[in-house]
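> I need the structure of the sequence given here:
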Amino acid sequence: MKLRAVFALGLVVGCVSDDGDGGDDDTGPICGNTVCEAGESSLSCPSDCSAATCSPMNPSSCGGETICINQQCVPAFGRNYVFTVTNGTFTQNDETGATWDAAGGLPDPFVVLTINGAAYMTTANQDTLTPSWNFATPPVLIPGGSVVLIEAYDEDLTVDDLGWACQANPLTADFLRGGGLSCSGTGPLAAARVNVAVRPN
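As a prediction, this is how the structure comes out:
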């Protein structure tokens with residue numbers, strides 16, 4: 001199964017300054033001298049380097065393990081996020097080529113979103129190929145190394161059918177910066193997908 005971030009990756013731009021003396025300084029950067037030197041950043045030495053100005057609408061304006069909040073690149077992990085299962089697309093038939101329901105009916109899609117072992121489940125949309133859930137989790141603390149699992153199901157009377165699943169292990173800052181995840185199937189289910197929006201809280 002494929003898990004794709006809905007954004008474009010960008011370059012990481014470092015903070016470099018010239019002290020104007022023309023000589024080489026072999027001592028390396030000195031944090032606290034009010035000069036943002038090569039090798040320093042707003043994360044490693046905030047007293048010398050102001051945080052990079054960024055835009056949440058441009059995910060590539062921050063890099064590494066950072067995310068843009070209030071026009072500043074700040075650490076992406078160790079903070080709360082809200083995950084919203086927005087909508088999706090199911091194929092007419094399941095991966096075996098059979099209809100989702102035994103009587104030939106359309107699927108009744110729902111999603112289970114598991115974040116670091118805690119499961120959150122949407123309600124089922126009845127008889128549709130284009131479900132819309134707009135289901136938001138409460139704020140969830142996301143430390144580094146977090147694991148996110150997205151599972152798309154068809155609700156049935158006895159046993160629910162798993163359509164497809166995707167896992168981000170570990171969840172990267174790229175996904176958090178991009179503001180969303182897209183989980184799509186493979187093979188006969190390649191056109192099927194579930195979209196999940198992510199925002200810091």
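> and stretch 72-81, how far apart are its ends?
17 Å (C-alpha to C-alpha, to the nearest Å).
> Give me the buried positions along it.
73-74, 76-77, 79, 81 (16 or more other C-beta atoms under 10 Å). Any C-beta I mention is one placed from the backbone N, CA and C, and that applies to glycine too.
> Stretch 150-162 too?
150-155, 161.
> now do stretch 136-151
137, 140, 142, 146, 148-151.
> Now do the contacts for Ala192.
88-91, 152, 163-164, 184-185 (C-beta atoms under 8 Å, 6 or more residues apart in numbering).
> sorry, that was for Leu113
For Leu113, the contact set (C-beta under 8 Å, 6+ apart) comprises 83, 85, 119-122, 137, 148-151, 196.
> Go again with 10 Å.
83-85, 119-122, 135, 137, 140, 148-151, 181, 183, 194, 196 (C-beta atoms under 10 Å, 6 or more residues apart in numbering).
> tell me the centre residue of this protein?
Phe175 (2.9 Å; C-alpha atoms, centre = their mean).
> Quick check: the gap between that one and Gly163.
21 Å (C-beta to C-beta, to the nearest Å).
> for Val196, same thing?
15 Å.
> The two: who's more crowded?
Comparing Val196 with Gly163 by other C-beta atoms under 10 Å, the one with more neighbours is Val196, at 26 against 22.
> what ranges do the helices span in this protein?
Using DSSP state H, the helices of the chain run over residues 173-178.
> Isn't Val194 up against Thr130?
No. Applying C-beta atoms under 10 Å, one finds Val194 not in contact with Thr130, separated by 11.6 Å.
> any residues in contact with both of these two?
With C-beta under 10 Å, 6+ apart, Val194 and Thr130 have common neighbours 87-90, 109.
> count of neighbours near the residue lying closest to Gly88 once chain neighbours are set aside?
Nearest in space to Gly88, with sequence neighbours left out and distances taken as C-beta to C-beta, 6 or more residues apart in numbering, is Val194 at 4.1 Å. Neighbour count for Val194, taken as other C-beta under 10 Å: 28.
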